[in-house]
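*Asks:* the following block contains a protein sequence and its predicted model.
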Amino acid sequence: MKALVDRVIEGVARARAPKEPPVPAGPVVEGDDTLERPACPLCGNTRARPLVVARDTWVEGRGTYSVVRCEVCAHRYTTPRFKEHCKHLAFEGDYPFYTRAREVKAGRRVDRAEARRPFEGRADRLRSVTSQAGRVLDIGCGDGFFLDAMRVRGWAVTGTDVEADVVWHAQTQLGIEATVLDLEEDALPAGPFEAVTMWGVAQLLYRPQRAFEKVAAVLADDGILAIGVSNIDSTGARLFGPRWRGLGLPRHLSHFTPGTLTRVLEWSGFEVVRIHHETPRWIVAHSADDALVGPVATAAKAALVPALGVAGRTRYGDTMEVYARRISRSRARVATMAETP
C-alpha cells in the first residue's frame, strides 16, 4: 500500500512541476557532443537544484561535473553525463577496478584466499537473508572473487561484466561461468536465481528502475537482490563535499540515499529487508588526501579514519548494501486484490 501511495504522490508532483531545463550547474555542454544534461533518472522530472560541483577524482584530466537534487523526488544525480553510447569514455584512463585482472594477464600471481577476503562479509550477509544456498548471479562481477567466496559457501555461481579482461580472469583463473554483458542492453542469463548481486553497479545505470525490473524477471519468487552503492547522505559526503571519493564522477550517474534507493526498489517490485552501512578506510583516506595538505593532513587522517569508521556503522556510513526481496507473484496478486475496492 505504501508503494502505491508513493507512486500517486510522485505522479501528482511530477504533473505539477514546471517542464523546463535543469538549473544550469557546472560546465556548459557546448562543443562536446558526447555529453548531455539529463532529466532525473528516477522520475523523469527536469527541474533540479544544484548541490555540488566536483572534478573527477579517479581519472586525471576528466573535467568537472555537478550533482543536482531533483525537485520532485529528491534523487541526486550527475549532470552533465556522458551520453549512453559514449559511456565507455568515463572508464578510460587509470580506472582502478580492472587493474588486478590485467596484471594477472601480464603474469602477476595473486593469493586467491587473500583476494577473496574483502568479500567474505558480503557473502555472509547475503547468506543471512536467503533461506538456503542456490544460484547466484553477480552483475558487474569484476575479476570474480566475490563469486569465489559464494562458491565456497555452496552456491552455484554465474557472473557478468562489461569489461572483457575481468571476465577472462573469472573464467580462466577461477573457473567461474562468466559473460561479457551490459545489463541495460543485453539479455541476462536465464534464471531463476535465488540471488542477484550488483556491487557498485546501480549508481552507473541510466535507467535504474527498468534495470531492477529486468533483474526481477530472472529472480526466483522471494529471491534476493543485493545492491552496493555509495551513500550521498553520509557523514563523509557532508564533511568532504566535492572532495568526497564516494562521488565517483562522472561514472556515478545516480547518488542514492537509503530513502531514494528503497523507493525505486519498491517501484520495481521489491521490499527492502536489510540495509548495511560501512565507511571503507580508503574513502576516508583518499578524501582527506584531496581535501587537506601539509602536516595537518596527516594528523587529520589519523583522527578521521577511526571516527568516521564508527559513524560508518550507522545510516551515515559512506557506503550501503541494500538487500531487497522480490515480491512473489502470489503475494503481489493478494496485495492487488486487497487494494481493489
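*Replies:* Now that the structure is in, tell me what you want to look at.
*Asks:* all contacts plus neighbour counts: C-alpha atoms, from now on.
*Replies:* Will do.
*Asks:* tell me the helices and strands packed up against the lengthiest helix in the chain.
*Replies:* Assignment by DSSP state H gives helix 295-311 as the longest helix of the chain. For helix 295-311, the packing partners by 3 or more C-alpha pairs under 8 Å, 6 or more residues apart in numbering; DSSP states H and E come out as helix 235-240, helix 281-291.
*Asks:* can you rerun that using 7 Å?
*Replies:* helix 281-291 (3 or more C-alpha pairs under 7 Å, 6 or more residues apart in numbering; DSSP states H and E).
*Asks:* for the helix it packs on, which outside residues touch it?
*Replies:* Outside of helix 281-291, the residues within contact range by C-alpha atoms under 7 Å, 6 or more residues apart in numbering are 240, 243-246, 297, 301, 305.
*Asks:* can you check stretch 292-306 too?
*Replies:* Against stretch 292-306 from outside (C-alpha under 7 Å, 6+ apart): 281, 284-285, 288-289.
*Asks:* now those as TSV including neighbour count?
*Replies:* Below are those laid out as TSV (neighbours: other C-alpha atoms under 10 Å):
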residue	neighbour count
Arg281	16
Val284	25
Ala285	20
Ala288	23
Asp289	16
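*Asks:* mind putting these into JSON lines with distance to Glu266 and pLDDT?
*Replies:* Output for the contacts of stretch 292-306, formatted as JSON lines (distance: C-alpha to C-alpha, whole Å; pLDDT from 0 to 100):
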{"residue": "Arg281", "distance to Glu266": "31", "pLDDT": "86"}
{"residue": "Val284", "distance to Glu266": "31", "pLDDT": "84"}
{"residue": "Ala285", "distance to Glu266": "34", "pLDDT": "82"}
{"residue": "Ala288", "distance to Glu266": "35", "pLDDT": "83"}
{"residue": "Asp289", "distance to Glu266": "38", "pLDDT": "81"}
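*Asks:* tell me which residues touch the closest residue to Ala220 other than its chain neighbours, please.
*Replies:* Nearest non-adjacent residue to Ala220, counting by C-alpha to C-alpha, 6 or more residues apart in numbering: Pro192, 4.9 Å away. The neighbourhood of Pro192, defined by C-alpha under 7 Å, 6+ apart, consists of 218-220.
*Asks:* returning to what we had before: quick one: which of the contacts of stretch 292-306 is nearest to Leu253?
*Replies:* Leu253 has its nearest neighbour among these in Val284, at 21.2 Å by C-alpha to C-alpha.
*Asks:* determine which two of the contacts of helix 281-291 are furthest apart.
*Replies:* So, the contacts of helix 281-291 by C-alpha to C-alpha: farthest apart are Gly246 and Ala297, at 18.9 Å.
*Asks:* what about the strands in the stretch 51-200 of the chain?
*Replies:* Listed in chain order, the strands found in the stretch 51-200 of the chain under DSSP state E, counting those that start in this stretch are 64-70, 76-79, 81-82, 135-139, 156-161, 177-180, 193-199.
*Asks:* just say which of these is most tucked in.
*Replies:* The highest mean neighbour count among these, using mean count of other C-alpha atoms under 10 Å, belongs to strand 76-79: a mean of 27.
*Asks:* and Arg55, how far from Phe270?
*Replies:* Distance, Arg55 to Phe270, using C-alpha to C-alpha, to the nearest Å: 34 Å.
*Asks:* more neighbours: which of those two?
*Replies:* Neighbour tally, Arg55 and Phe270, criterion other C-alpha atoms under 10 Å: the higher count belongs to Phe270, 25 against 19.
*Asks:* re earlier: got the angle for the longest helix of the chain vs helix 281-291?
*Replies:* Angle, helix 295-311 to helix 281-291, by axes from the mean of the first three to the mean of the last three C-alpha atoms, to 10 degrees: 150 degrees.
*Asks:* what strands flank the helix or strand just after helix 295-311, and is each parallel or antiparallel?
*Replies:* Downstream of helix 295-311, the next assigned helix or strand under DSSP states H and E is strand 319-326. Next to strand 319-326 in the sheet, as set by DSSP bridges, lie strand 219-230 (antiparallel), strand 270-278 (antiparallel).
*Asks:* can you tell me which of the ones you listed is nearest to Glu213?
*Replies:* Here strand 270-278 is closest among the strands paired with strand 319-326 (C-alpha to C-alpha), at 9.1 Å.
*Asks:* report the mean confidence score over that closest one.
*Replies:* Confidence for strand 270-278, expressed as mean pLDDT, is 96.
*Asks:* most tightly packed of the strands paired with strand 319-326?
*Replies:* Of the strands paired with strand 319-326, strand 219-230 is the most buried (mean count of other C-alpha under 10 Å), at a mean of 24.
*Asks:* and the contacts of that one?
*Replies:* In this structure, residues lying in contact with strand 219-230 by C-alpha under 7 Å, 6+ apart are 130, 191-200, 202-203, 246, 255-256, 318-329.
*Asks:* just the buried residues of those.
*Replies:* Burial by neighbour count, judged by 16 or more other C-alpha atoms under 10 Å, picks out 130, 191-200, 202-203, 246, 255-256, 318-328 from those.
*Asks:* quick one: the helices in the stretch 51-200 of the chain?
*Replies:* With DSSP state H, counting those that start in this stretch, the ranges of helices along the stretch 51-200 of the chain come out as 99-105, 112-116, 120-128, 145-152, 164-174.
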